[in-house]
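Participant: With the sequence up front, the predicted model follows.
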Amino acid sequence: MPDLTFETACHARGLFWIAGVDEAGRGPLAGPVAAAAVILPRGFACAGLDDSKKISVKRREILFKKITTDPEVIWAVATADHEEIDRINILRATHLAMRRAVEALRQSPDFCLIDGLPVRDFPFPHQGIVKGDGLSLSIAAASIIAKVTRDRMMQEIDRDFPEFGFAQHQGYGTKTHLEALRIYGPCCHHRRSFQPVAQLALPLDRT
């Protein structure tokens with residue numbers, strides 16, 4: 001289970017405001033990529049808080065509410081949309097969403113703990129932690145916020161394009177999604193730079 005070991009080590013170096021940063025939605029064929037940044041108070045505890053991928057939908061919603069309604073938790077979430085993903089590529093779009101999330105915090109962090117590898121040209125001092133959402137409590141909290149936020153956005157998109165089943169698969173390349181793509185062609189939320197969307201793009205796009 002994640003804990004505050006990394007955050008405590010930062011505090012020992014004289015760094016006070018430590019933000020955990022994580023993303024959701026790098027792999028899907030449609031929709032935005034979301035990122036969240038979270039600064040937890042010292043000694044923060046939350047039973048069951050872990051990497052969002054290891055937690056049920058119901059549990060994620062409970063944790064999301066607990067984290068985002070805690071007055072001592074500082075958090076922000078941001079996205080890069082499908083057009084930005086197609087224009088600058090998914091890696092850069094993910095880093096852009098992360099930067100936007102950190103910049104949106106009401107308290108500028110002294111240091112960031114980012115899930116994964118270090119981010120080139122990131123405008124804040126940071127450390128990349130591979131599989132950090134299972135190690136750092138701040139990153140785990142960010143993973144919950146990013147995942148729940150993006151899932152809710154995909155549910156909204158599903159209302160306009162129910163034939164694709166976005167509410168069920170969140171835009172990932174499931175068998176059902178690929179079959180819908182074959183039948184209907186891509187909609188305005190699909191990432192045109194991603195295969196197989198690029199192969200199935202039609203001259204007359206659905207909007």
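Facilitator: Received, thanks.

Participant: Dump the helix or strand Val38 falls within to PDB, keeping only the CA atoms.
Facilitator: For Val38, the host element (DSSP states H and E) is strand 33-39. Presented in PDB, the C-alpha positions along strand 33-39 are these (Å, rounded to 0.1, in the frame of the first residue of the first chain):
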ATOM      1  CA  VAL A  33      -6.200  12.600 -21.000                       C
ATOM      2  CA  ALA A  34      -6.700  13.900 -17.500                       C
ATOM      3  CA  ALA A  35      -4.100  14.700 -14.800                       C
ATOM      4  CA  ALA A  36      -4.400  15.600 -11.100                       C
ATOM      5  CA  ALA A  37      -2.100  17.200  -8.600                       C
ATOM      6  CA  VAL A  38      -2.700  16.700  -4.900                       C
ATOM      7  CA  ILE A  39      -0.900  18.200  -1.800                       C
END
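
Participant: Quick check: mean pLDDT of it?
Facilitator: Averaging pLDDT along strand 33-39 yields 98.

Participant: what sits against the closest residue to Leu178 other than its chain neighbours?
Facilitator: If the residues on either side of it in the chain are set aside, Leu178 comes closest to Pro196, at 6.9 Å by CB to CB, 6 or more residues apart in numbering. Just so you know, the C-beta spots here come from the backbone N, C-alpha and C atoms, and that holds for glycine as well. By CB atoms under 8 Å, 6 or more residues apart in numbering, the contact set of Pro196 is 29, 173, 178, 181.

Participant: Met98 too?
Facilitator: 21, 23, 35, 37, 78, 114, 119, 122.

Participant: And Pro2, how close does it get to Val77?
Facilitator: 19 Å (CB to CB, to the nearest Å).

Participant: mind checking which helix or strand of the protein has the lowest mean pLDDT?
Facilitator: helix 197-200 (a mean of 73; mean pLDDT, DSSP states H and E).

Participant: burial count for the closest residue to Asp110 other than its chain neighbours?
Facilitator: Nearest non-adjacent residue to Asp110, counting by CB to CB, 6+ apart: Leu15, 4.2 Å away. For Leu15, the neighbour count with other CB atoms under 10 Å is 14.

Participant: again with Arg13
Facilitator: Neighbour tally, Arg13, other CB under 10 Å: 8.

Participant: Which pLDDT value belongs to it?
Facilitator: At Arg13, pLDDT is 97.

Participant: tilt between the one helix or strand Asp158 maps to and strand 33-39?
Facilitator: Assigned by DSSP H and E, Asp158 belongs to helix 137-160. Relative orientation of helix 137-160 versus strand 33-39 (axes from the mean of the first three to the mean of the last three CA atoms, to 10 degrees): 150 degrees.
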